[in-house]
Every structure is written in structure tokens, then in C-alpha cells.
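Trainee: need a structure here:
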Amino acid sequence: MPFYNHKGSKLYYKKGGCGPRLLFCNASATTIASTRDLLNKLAEKFELICFDYRGMGLSAPQTDSYTMADVAGDVLSLLDLIGWEKAVVAGWSFGGMVAQELAISHPGRIDRLALLSTSPGGAYPSFGLDRIGNLTSNVRGRRTLQLIDQRWTTEWLSRHPVDASVLGMLAGFGANESTSETQAYGLQLQLKARMGHDVVDRLSRIYCPTFVAHGRHDLISPPSNGQAIVDRIASSSLNIYEGGHAFFLQDPNAWSDMAAFLN
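Mentor: Numbers count the residues shown, from 1 in each chain. Here you go, the predicted structure:
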């Protein structure tokens, strides 16, 4: 399995597919394994690079706190390793925060940018998933459902099989849902880095074409977060779709629009 090291962190990455080059930054609490279906779908259209964040998935356990800038450095190191001087980058949720930091800090390395269900932080934060970590399992489950998509109830999902399949992929969302103490601690460090994210006053430094997209029923990162991003990036557009935090798997128009932009 391919690994690389950056400043003491051993990180797992995967390369596959064919087509235009795309680096994909995953969401909070997700890994290459847990989003396999999504990544396989992307690899049908792109030469895809993705990786497991520090302390998550197959990457080595993480003991020290880190910042979003550190994760952007992990991404830059991966680009250097595989020899991509410039990249098209798509970031989902936490990955969109990483992508923003990367595009601000290293603008010359980003050709096009897709920011999906994400936040600039500051006055426009994503919902803090740590806030539901101490709820009982049943209550946390119901709350997580409606954060991902405010329409989602047991009854709704029973009538909407596409959304039910999306939920299966998102089973790791929510604090304290990891399968081991090591992974759970990795998630807590990830959520801590996420809370420190604030690029509101630096977004104007992003000048590459930027596709900003949200699901209108997302309570983790509502469309108002996307508007705040578009207000500050000159070459950007806001796109709203039917769906929630994973709208691009719910609304066929979103997938085709995103693929067209990234190509």
C-alpha cells in the first residue's frame, strides 16, 4: 500500500482512474475505505488522487494537535510526491476547508477549485459535530440524520432509496462513531483542527475558477456559507442543489455540473 511521510506523519494515499487529474479532499470522519463508492465514481472520469487524513483510516495514529495549515501542507507534499505541479482540487466539507487553505497559501498550485458543502469559518462556520458527541446513541443518530439533510427521517428514507443509499456511505458522520480508540482520537483531533478554520479575511487571495456548491437542505454547512465564500472570491459561482450535505450524490444535475466544471 502506498504511504508517504510529511513532518513526522505517515499518510496513506491512493491513485487510480484515468482522465483529467483530480485531487479529492474527503469530509470529516470519512476515509478512503468509507467513501469507496464515491471515489470509484470519480475515478471513472478522472485520474484521481486521495488520501486518509492524519490519524484516520490507514494513516498512522496521530497524537499531537494540528491545524488546517498543517493538513494543507500534507496535500502539498502529496502533490510534490506524485509530480503534479498544478492540480484541479475538489474538497467536500472538511476537505473544502483544507482546499481553501491550500488555494490561499499556494495559489500557483491550483488550476481549478470545487468547494462542496463547506465553510470559510469565522462568522460562517459549519455545524460543530463535537456538539453532538455526548448525546445518547439514539438521539445522536436522529440529530445527525437531520443535520446531513433536514428532511431525513426514518419515514423519508424508507420512501427514498437513493437517499437511503447515501446514508449508508455517511454512516461515520458524527462524533464518537469510529471503530477504535485510535480512530476516535484521530477524529477528535480532526474536529479540533476544523474548529480553528477561519479564512474569511483571506479568501480574496483565491483567484482560480471556483465552483461553490451546497444542498439546500444541509444543516451542517448551509447555503449561506457558500454565499459568504462567493462574495469574497472573484472567479467563483454559487450553485444550489436538491439534497443535503452529500447533495452531489442526491441530485443528478449536481454531479453532471461538477464533472463538467472539473473537466
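Trainee: beta partners of Ala213?
Mentor: For Ala213, the beta-bridge partners are Leu116, Asn239 (DSSP bridges).
Trainee: right, and Ile233 touches Arg205 too?
Mentor: No - here Ile233 does not reach Arg205: they are 9.0 Å apart, not a contact under CB atoms under 8 Å. C-beta here means a position set from N, CA and C on the backbone, and glycine is covered the same way.
Trainee: ok, the residue lying closest to Ala234 once chain neighbours are set aside to Ser34 distance?
Mentor: Distance criterion CB to CB, 6 or more residues apart in numbering; nearest residue to Ala234, sequence neighbours excluded, is Tyr207 at 6.5 Å. Remark: distance between Tyr207 and Ser34 (CB to CB, to the nearest Å) = 33 Å.
Trainee: quick one, which of those two is more surrounded?
Mentor: Ranked by neighbour count (other CB atoms under 10 Å), Tyr207 and Ser34 place Ser34 first, with 21 against 13.
Trainee: please report phi then psi for that one.
Mentor: Per-residue torsions, Ser34: phi -80, psi -20 (degrees, to the nearest 10).
Trainee: next one: it, what pLDDT does it get?
Mentor: Per-residue confidence (pLDDT) for Ser34: 88.
Trainee: returning to that earlier point: could you check the pLDDT of the residue nearest to Ala234?
Mentor: At Tyr207, the model reports a pLDDT of 94.
Trainee: just to revisit the earlier point, who has more neighbours, Ile233 and Arg205?
Mentor: Neighbours around Ile233 and Arg205, counted as other CB under 10 Å, are more numerous at Ile233. The numbers are 22 against 14.
Trainee: can you tell me the closest non-neighbouring residue to Lys86?
Mentor: Closest to Lys86 by CB to CB, 6+ apart is Asp111, at 4.7 Å.
Trainee: what residues are up against the one you found?
Mentor: Shown in contact with Asp111 (CB atoms under 8 Å, 6 or more residues apart in numbering): 86-88, 208.
Trainee: of these, which belong to helices?
Mentor: If you go by DSSP state H, these have nothing in helices.
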